[in-house]
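Trainee: Return atomic coordinates for the entry below.
(one chain, ligands or ions: 1)
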Amino acid sequence: MTETGKPLLRVLQGEAVWPPPLWLMRQAGRYLPEFRALRDKADFITRCMTPDLATEITLQPIRRYAMDGAILFSDILILPWAMGQSLEFVHGTGPVLGPIRSQADLDRLDPKRVPEATAPVMETLTRLRGILDGPDTIGAAQGGRTTLLGFAGAPFTVACYMVEGHGSREFDATRGMAYADPLLFDRLMARLTEATADMLVAQIDAGAEAVMLFDSWSGLLPPNQFRRHVIAPTRAIVQEIHARRPGVPVIGFPRLAGVMATEYARETGVRVLALDTGADMTAMSRLLPDNITLQGNLDPLLLLAGGDAMTQEARAIRDAMKGRPHVFNLGHGVVPATPPEHVGELVRAVREIGQ
Ligand SMILES: Cc1c2[nH]c(c1CCC(=O)O)Cc1[nH]c(c(CCC(=O)O)c1C)Cc1[nH]c(c(CCC(=O)O)c1C)Cc1[nH]c(c(C)c1CCC(=O)O)C2
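Mentor: Numbers count the residues shown, from 1 in each chain. Take a look at the predicted model:
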C-alpha cells in the first residue's frame, strides 16, 4: 500500500474516512500480558532506550488488534532525562525527578545532550517504520497500512513534572513558580519549547509520520496563563515543525482544557485536536472549522467495563463524527486493569458498519 493509502494518515491530513481509523493512548502497556512479561526484563528507562525492547513493545498492540496507528514506546519524561535531570520510575509511585526550583538547577540541564541521549529512540522509530512499511512480518495483515506516530510532552506538562519532581493532582509548586518567579519559569519553558521542537523534528527524520503533543495538565491553568504557557509554546513548536518539515501533521492534546480547547485549536495551528473524555465531540465539531481533524474520546473506564455500554457509546461517538475527519481514540490512556478482550471488542465495534 502506498503511503497516502494509510487510513490514519489520510484522516490526520484532513480527509474524512469511514469507518474512522483508530488507535488508543497507552495501547502498549500493563494491560497486555506480553508487555508485563517484558517488563521484568529491564526497568522502564532501559526498555525505552533499548531498540529491541521498545520496537517489540510498540508492535504488541498492532499484532493483537491491527491498530491503524503505532505510537512509539517511550515517555514524555525522556526529554528532561536526556537533558540531564535525574529520573526514576518507582513502582507504585510513578516518576521521581530531581526537582528544578532555581536558576542553578536549570543551568545544570544541557539541551545539547539530547540528540546523543535520544539516539536509541530514533533508532527504534527507524526500525519500526521499516517493519510497518515492509512485507507483513508482524502477523497482523497490516500490509503497510499502519501509521507511525512520534510524540513529546508539551512544555507545560513536562515542566509540571520537572518542577514538582513527581506526579500530582494540582502541581502547586509548578503553578507557584509560574506566578512567583515568572522569569525563571519562562526560561524553563523557553528551553523546553526549543528542545521539544528539535526532538520532534528528529523523530520525523527517523520515521514518524505524524507527531502528538501531550499536554495532560494544561487544564490546571486559568485562561491567561493557558494562553501564555500552553497556546504560545505549542504554536511555536507547530510553526517550527511546519517550517522545517512541511506537511507533517501535529496532534495537540490539551487535556481538561474545556472551552479553551477551541482557542487552542484555532491559535496553535495544530492539524488535529485530541479531546479528553469530558469534551462534547459534537459541540466541539460545530465550534471548529471542519478542516481540523478531531481525535477521541471514549472514556477509558468504559473500555475497562466493556460490554454493551462500551460498544454503544463507541458507536455513538463514531456515528456523530461521520462525515468529518475523525480519529477514534480514548479520552485518556488505557487503564492497567483493562481486560485485553475488551480492546478487541472495541476495535470490532468501531470497524463494524452497516447495522
Ligand atoms: C503525563 C504522561 C507521562 N507519560 C505520558 C504522559 C501523557 C499522557 C497522559 O496524560 O497519560 C505519555 C506516555 N507514556 C507512555 C507512552 C507510550 C505510548 C503509548 O502506548 O501510549 C506515552 C505516549 C508509556 C508509559 N509511561 C509510563 C508507563 C508505565 C511504566 C511501567 O510501569 O511499566 C508506560 C507504559 C510511566 C509514566 N509516565 C508518566 C507517568 C505519570 C507515569 C507513571 C504512571 C503510569 O504508570 O501510568 C508521565
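Trainee: for the protein, what helix or strand is lowest in average pLDDT?
Mentor: helix 33-39 (a mean of 92; mean pLDDT, DSSP states H and E).
Trainee: Just give me the neighbour total for the closest residue to the ligand within the stretch 201-350 of the chain.
Mentor: Taking Cβ to the nearest ligand atom, the ligand has its nearest neighbour within the stretch 201-350 of the chain at Ser216, 3.2 Å off. Every C-beta, even on glycine, is put in place using the N, C-alpha and C of the backbone. By other Cβ atoms under 10 Å, 21 other residues sit near Ser216.
Trainee: for Leu106, same thing?
Mentor: Leu106: 17 neighbours (other Cβ under 10 Å).
Trainee: Who are the contact partners of it?
Mentor: Ile100, Leu184, Arg187, Leu188, Arg191 (Cβ atoms under 8 Å, 6 or more residues apart in numbering).
Trainee: Give me the buried subset of those.
Mentor: Ile100, Leu184, Leu188, Arg191 (16 or more other Cβ atoms under 10 Å).
Trainee: Take these and keep only those in helices.
Mentor: In helices, defined here by DSSP state H, the members of the buried ones among the contacts of Leu106 are Leu184, Leu188, Arg191.
Trainee: Check the last one and give its pLDDT.
Mentor: If you check Arg191, the pLDDT there is 98.
Trainee: Contact partners for it?
Mentor: Counted by Cβ under 8 Å, 6+ apart, Arg191 has contacts Met83, Leu106, Leu109, Pro111.
Trainee: closest to Pro120 among the residues you listed?
Mentor: Met83 (15.9 Å; Cβ to Cβ).
Trainee: tell me the phi and psi of that closest one?
Mentor: With angles defined as degrees, to the nearest 10, Met83 sits at phi -80, psi -10.
Trainee: Which residue comes closest to it once chain neighbours are left out?
Mentor: Leu109 (4.3 Å; Cβ to Cβ, 6 or more residues apart in numbering).
Trainee: for Arg36, same thing?
Mentor: Arg30 (6.1 Å).
Trainee: Need the phi and psi values for the one you found.
Mentor: The phi/psi pair for Arg30 (degrees, to the nearest 10) is phi -60, psi -20.
Trainee: which ones are touching it?
Mentor: Arg30 touches Arg36, Arg39, Pro336, counting by Cβ under 8 Å, 6+ apart.
Trainee: residues in the chain within reach of the ligand, list them.
Mentor: 25-30, 39, 44, 71, 73-77, 89, 94-95, 151, 167, 214, 216, 333 (Cβ under 6 Å from any ligand atom).
Trainee: what about Val96, which SS state?
Mentor: Recorded secondary structure, Val96: strand (DSSP: H, G, I helix; E, B strand; the rest coil).
Trainee: Quickly note the distance from it to the ligand.
Mentor: 10 Å (Cβ to the nearest ligand atom, to the nearest Å).
Trainee: The residue nearest to Leu220 when sequence neighbours are not counted: neighbouring residues, count only.
Mentor: Using Cβ to Cβ, 6+ apart and skipping the chain neighbours, the partner closest in space to Leu220 is Phe171 (6.0 Å). Per other Cβ under 10 Å, the neighbour tally for Phe171 reads 22.
Trainee: hang on, the earlier thing: which parts of the least confident helix or strand of the chain are buried?
Mentor: Phe35, Leu38, Arg39.
Trainee: contacting residues around the first one?
Mentor: To tie it back to what came earlier, the one meant is Phe35. So Phe35 contacts Ala28, Gly29, Ile57, Gln60 (Cβ under 8 Å, 6+ apart).
Trainee: how about a cut-off of 10 Å?
Mentor: Ala28, Gly29, Arg47, Glu56, Ile57, Gln60, Pro61, Phe73, Pro336, Pro340 (Cβ atoms under 10 Å, 6 or more residues apart in numbering).
Trainee: In which helix or strand does the third one reside?
Mentor: To tie it back to what came earlier, the one meant is Arg47. helix 44-49 (DSSP states H and E).
Trainee: next SSE after that helix?
Mentor: helix 51-65.
Trainee: Give me the neighbour count for the residue lying closest to Tyr65 once chain neighbours are set aside.
Mentor: Nearest non-adjacent residue to Tyr65, counting by Cβ to Cβ, 6+ apart: Val347, 4.9 Å away. For Val347, the count of nearby residues is 21 (other Cβ under 10 Å).
Trainee: And for His166, the neighbour number?
Mentor: So His166, with other Cβ under 10 Å, has 15 neighbours.
Trainee: who does it bridge with?
Mentor: Val96 (DSSP bridges).
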